[in-house]
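1. Sequence first, then the predicted structure:
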Amino acid sequence: MDNAIEIPRGIVTGIADSILPDKNKENMHIDIEKIENKQIIICIHKDISKKDINILLLYGKVVFLEESYQNIEPSKIKFDYLIIDLRNEMCRNYYKIYLYKNTNYYYLLYRHSFETNNGIYYHNEITDFPSRQPTKNTYDKLLLLENIYEPKCCISLCRFCCLR
């Protein structure tokens, strides 16, 4: 063991971070009592059901980002909810150019339960849209509120058995 070379921890950490980057960043915090009347950008990793789109349409104008919008700034598009499909390269480029670190909007990620946010900051991440609400303000608050997940009995049982 005398011939072993010790590699500095910073180098090992740097290599590990480049191979396995942290793809699960903390989201931007919102004080739900101080929600402003901002437009909402919904970034999607999965398709939105027709029922959920119809509910969104009850509360405002829904725009799906398409090729025709690729050179138009979001401030020039009239929408309440702009849906950006991050599975599409053009949409990812649009996000990078016009929306990255733009604080004029609220950002929401609609994803599968097993996915992460891929290192992009959002105000909230959801796996299901809220049900219909009496007002747009209430619906938007539910979109932006952090999720409370149902208890999973098998995980609770494991914690109970392992922590005793």
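-> Okay, I see it. Numbers count the residues shown, from 1 in each chain.

2. My guess is residue 107 contacts residue 41. True?
-> Yes - between residue 107 and residue 41 there is a contact at 5.1 Å, judged by CB atoms under 8 Å. Yep, even glycine has a C-beta here, placed from its N, CA and C like the rest.

3. Can you work out which residues contact both of these two?
-> residue 99 (CB atoms under 8 Å, 6 or more residues apart in numbering).

4. In this protein, what residue spans correspond to helices?
-> In the chain, the segments counted as helices under DSSP state H are 9-19, 50-59, 89-94, 136-144, 153-162.

5. Report the buried residues of the shortest one.
-> Meaning helix 89-94. For helix 89-94, the neighbour count (16 or more other CB atoms under 10 Å) marks 91-92, 94 as buried.

6. and if you look at the second one?
-> Of the residues in helix 50-59, 55-56, 59 count as buried by neighbour count, 16+ other CB under 10 Å.

7. Between the buried residues of helix 89-94, which sits nearest residue 161?
-> For the buried residues of helix 89-94, the residue nearest residue 161 by CB to CB is residue 92; the value is 43.9 Å.

8. what's near enough to touch that closest one?
-> So residue 92 contacts residue 86 (CB under 8 Å, 6+ apart).

9. and it, how far is that from residue 111?
-> Distance of residue 92 to residue 111, given as CB to CB, to the nearest Å: 15 Å.

10. before we move on, what about residue 37?
-> 26 Å.

11. Kindly report the same for residue 68.
-> Counting by CB to CB, the gap from residue 68 to residue 111 is 26 Å.

12. So the two - more neighbours on which side?
-> residue 111 (18 against 7; other CB atoms under 10 Å).

13. Might one say that that one is in contact with residue 45?
-> Yes - if you go by CB under 8 Å, residue 111 and residue 45 touch, sitting 4.1 Å apart.

14. ok, residue 64 - how many residues close by?
-> Residue 64, neighbours per other CB under 10 Å, totals 16.

15. Pretty sure it sits against residue 83.
-> Yes - the pair residue 64 and residue 83 passes the contact test of CB under 8 Å, sitting 4.9 Å apart.

16. dump the residue contacts of residue 48.
-> By CB under 8 Å, 6+ apart, the neighbours of residue 48 are 42, 83, 110, 129.

17. Just flag the most distant two among the residues you listed.
-> Farthest pair in the contacts of residue 48 (CB to CB) is 83 and 129. Separation: 11.6 Å.
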